[in-house]
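Participant: Provided below for reference: sequence and predicted model.
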Amino acid sequence: MIGNFCYHNPTRLHFGEDAIGSLRSELAQYGPTVMLCYGGGSIKRNGIYDEVTAVLREAGKTVVEDGGVMPNPTLEKLQEGARMARENQVDLILAVGGGSTIDYAKGVSCSAWCEEDVWEKYYVRQEEASCRVVPVGCILTMVGTGSEMNGGSVITNPACGMKIGKVFGPYAFPRFAILNPRYTFTVPRRQMVAGFFDIMSHIMEQYFSGTDDNTSDYLSEALMRSLINSSRTAIRKPDDYEARSNIMWTATWALNTLIGMGKTQDWEVHMIGQAVGAHTDATHGMTLSAVSMAYYRHILPYGVAKFARFAENVWGIARGERSLQEQALEGLKALEAWMREIGVSMSIGELGATEDMLPAIADSTFLLSGGYKTLSRDEVIAILHESL
Ligand code: NZQ
Ligand code: ZN
């Protein structure tokens, strides 16, 4: 049975090769001062910066530049950005980049006018913003997180070894998102495949729960099949527009809240992956891939029927003579084979984690319910150990 929910997604999304053409009309809806957020400089090398600043100039905007948003943005950077947004009284924050830049922009938008300790309020206590929120718009350059159409803002606080996601309400979703698949062609291969796995993980986090017949699960299966198909093309030919555009659109639907409607979810792979990220600063998608196989093997006995359905409907593995358990395991084997095929990290050791770090990583892992098994700290340690 589908649970009770309210669905509202306020992001206006412009998709395709000419999507940037909509920026001018979007900008016209906001005041004169725009804070332009971007990462470490990829947009300067691939020409997106020039294209965007030309439109800002033509629109007569005063631009406050805020570059250097790092992958896995830190609390310190967020606090700096919030100060800058407030001092300049910015009317719009325009994020140009991947999930890190867009997550950061949302954090800044809710922090600029906040009088409280934003780490404690938003990330630790998970409270909603009660101050003025600066509108955010985004231009996506790297596919994976879904940040372009959701309220997620994941921030790392190295001082306490925590990486925490706050999912703000619709008030903090990007007001508009510009998605041109061509902008993603310059993403390095390792980042590209990390993004592919991040998408897969978002879908699986919402899919592996419940025993009911739920429309969301059918949508998830379709998205996973499309991703697997297009990922294979993109690996062979990274500039295949059809494949990259399918993947871009799949990523948005994987985490714009639709496929989670009416379902319980624990997001435990992300909880473990984020803890690994907090201690290693590794690429987000790789932290997920490195712990996924050990995690899913661990929880399979608690949700065996769903894992068998996954084998059948996503990987085309029919039951045949197999037991339900055997069919379920075949599905996980197919997942693992695909992960190796696209080339994601299969070990947290590769990402810089060492055995002596495991207790601290486990301490940074939130143990949530809503999936097939609520883990204990010992189980997290065992999964991390198996993932080394
Ligand atoms: O910083 P620049 O120089 O731009 O380079 C970036 C960065 O090094 C590069 N890149 C991006 N677009 C490019 C490009 N390089 C060449 N050409 C382009 N077109 O890619 C690198 C990674 O970028 P980043 O934004 O860090 O990647 P991603 O989109 O994977 O974002 C990761 C962050 O998002 C959070 C993660 O935890 C992590 O902090 N997440 C956000 C979520 C959300 N909002 O809902 C959910 C996710 O599960 C995730 O937790
Ligand atoms: Zn993710």
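Facilitator: Received it, and whenever you're ready, just let me know what you need. Numbers count the residues shown, from 1 in each chain. Ligands and ions are numbered 1, 2, ... in the order given.
Participant: contacts, neighbours, all on C-alpha from now
Facilitator: Will do.
Participant: ranges for the strands of the stretch 1-150 of the chain?
Facilitator: 12-15, 33-38, 62-66, 92-97, 136-140 (DSSP state E, counting those that start in this stretch).
Participant: Save these as JSON lines, and put in mean neighbour count too.
Facilitator: Shown next, in JSON lines, are those (neighbours: other Cα atoms under 10 Å):
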{"stretch": "strand 12-15", "mean neighbour count": "17"}
{"stretch": "strand 33-38", "mean neighbour count": "23"}
{"stretch": "strand 62-66", "mean neighbour count": "16"}
{"stretch": "strand 92-97", "mean neighbour count": "27"}
{"stretch": "strand 136-140", "mean neighbour count": "26"}
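Participant: got these as JSON lines, with mean pLDDT and distance to L388 columns?
Facilitator: Converted to JSON lines, the strands of the stretch 1-150 of the chain look like this (pLDDT from 0 to 100; distance: least, Cα to Cα, whole Å):
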{"stretch": "strand 12-15", "mean pLDDT": "98", "distance to L388": "40"}
{"stretch": "strand 33-38", "mean pLDDT": "98", "distance to L388": "33"}
{"stretch": "strand 62-66", "mean pLDDT": "98", "distance to L388": "37"}
{"stretch": "strand 92-97", "mean pLDDT": "98", "distance to L388": "31"}
{"stretch": "strand 136-140", "mean pLDDT": "98", "distance to L388": "33"}
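Participant: Looking at these, which is nearest to ligand 1?
Facilitator: Closest approach to ligand 1 among the strands of the stretch 1-150 of the chain is made by strand 92-97 (5.3 Å; Cα to the nearest ligand atom).
Participant: and the angle from the closest one to strand 62-66?
Facilitator: On the basis of axes from the mean of the first three to the mean of the last three Cα atoms, to 10 degrees, strand 92-97 is oriented at 50 degrees to strand 62-66.
Participant: Strand 92-97 packs against which elements?
Facilitator: strand 33-38, helix 99-111, strand 136-140 (3 or more Cα pairs under 8 Å, 6 or more residues apart in numbering; DSSP states H and E).
Participant: Adding distance to ligand 1, write the ones you listed out as JSON lines.
Facilitator: Output for the helices and strands packed on strand 92-97, formatted as JSON lines (distance: least, Cα to the nearest ligand atom, whole Å):
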{"stretch": "strand 33-38", "distance to ligand 1": "6"}
{"stretch": "helix 99-111", "distance to ligand 1": "3"}
{"stretch": "strand 136-140", "distance to ligand 1": "8"}
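Participant: Of the ones you listed, which is nearest F176?
Facilitator: The closest of the helices and strands packed on strand 92-97 to F176 is strand 136-140. By Cα to Cα, the value is 5.0 Å.
Participant: related to what we said a few turns ago, quick one: closest of the helices and strands packed on strand 92-97 to D363.
Facilitator: Nearest to D363 among the helices and strands packed on strand 92-97 is helix 99-111 (23.9 Å), distances taken as Cα to Cα.
Participant: Would you mind pulling up the elements that that closest one packs against?
Facilitator: In terms of contacts (3+ Cα pairs under 8 Å, 6+ apart), helix 99-111 is packed against strand 33-38, helix 75-87, strand 92-97, strand 136-140, strand 152-157.
Participant: Any idea what the nearest residue to G67 once chain neighbours are set aside is bridged to?
Facilitator: In space, and not counting its chain neighbours, G67 is closest to Y38: 4.7 Å by Cα to Cα, 6 or more residues apart in numbering. Beta-bridge partners for Y38, by DSSP bridges, are V96.
Participant: what helix or strand is the closest residue to I2 other than its chain neighbours on?
Facilitator: Leaving aside its sequence neighbours, I2 sits nearest to G262 (Cα to Cα, 6+ apart; 4.6 Å). G262 belongs to no helix or strand when elements are defined using DSSP states H and E.
Participant: who's sitting farthest from the centroid in the chain?
Facilitator: Outermost residue of the chain with respect to the C-alpha centroid, by Cα atoms, centre = their mean, is E321; its distance is 38.4 Å.
Participant: Quick check: residues of the protein near ligand 1?
Facilitator: Selection of the chain residues close to ligand 1 by Cα under 6 Å from any ligand atom yields 39-43, 70-72, 97-101, 103, 141-147, 152-154, 183-184, 186-188, 191, 195, 284.
Participant: neighbours around N4, how many?
Facilitator: Around N4 there are 9 other residues, counting by other Cα atoms under 10 Å.
Participant: same question, L75
Facilitator: Neighbours around L75, by other Cα under 10 Å: 20.
Participant: going forward can the numbers begin at 43, since that is how I track them
Facilitator: All right, first residue 43 from here; so that's L117.
Participant: can you pull the contacts of it?
Facilitator: Taking Cα atoms under 8 Å, 6 or more residues apart in numbering, we find L117 in contact with 161, 197-199.
Participant: Most widely separated two among the residues you listed?
Facilitator: W161 and T198, at 9.7 Å, using Cα to Cα across the contacts of L117.
Participant: With neighbour numbers in mind, choose between those two.
Facilitator: More neighbours surround T198 than the other of W161 and T198, with 27 against 20 (other Cα under 10 Å).
Participant: A320 is in contact with the more buried one, correct?
Facilitator: Yes - the criterion here is Cα atoms under 8 Å, and T198 meets it with A320 at 6.4 Å.
Participant: Need the overlap of contacts for the two.
Facilitator: Common contacts of T198 and A320, defined by Cα under 8 Å, 6+ apart, comprise 204-205.
Participant: one step back: for the residue nearest to G109, what are its contacts?
Facilitator: Shown in contact with Y80 (Cα under 8 Å, 6+ apart): 108-111, 137-139, 143.
Participant: go again using 10 Å as the cut-off
Facilitator: Contacts for Y80 were tallied using Cα atoms under 10 Å, 6 or more residues apart in numbering; they are 86, 91, 107-112, 136-140, 142-144, 146-147, 181.
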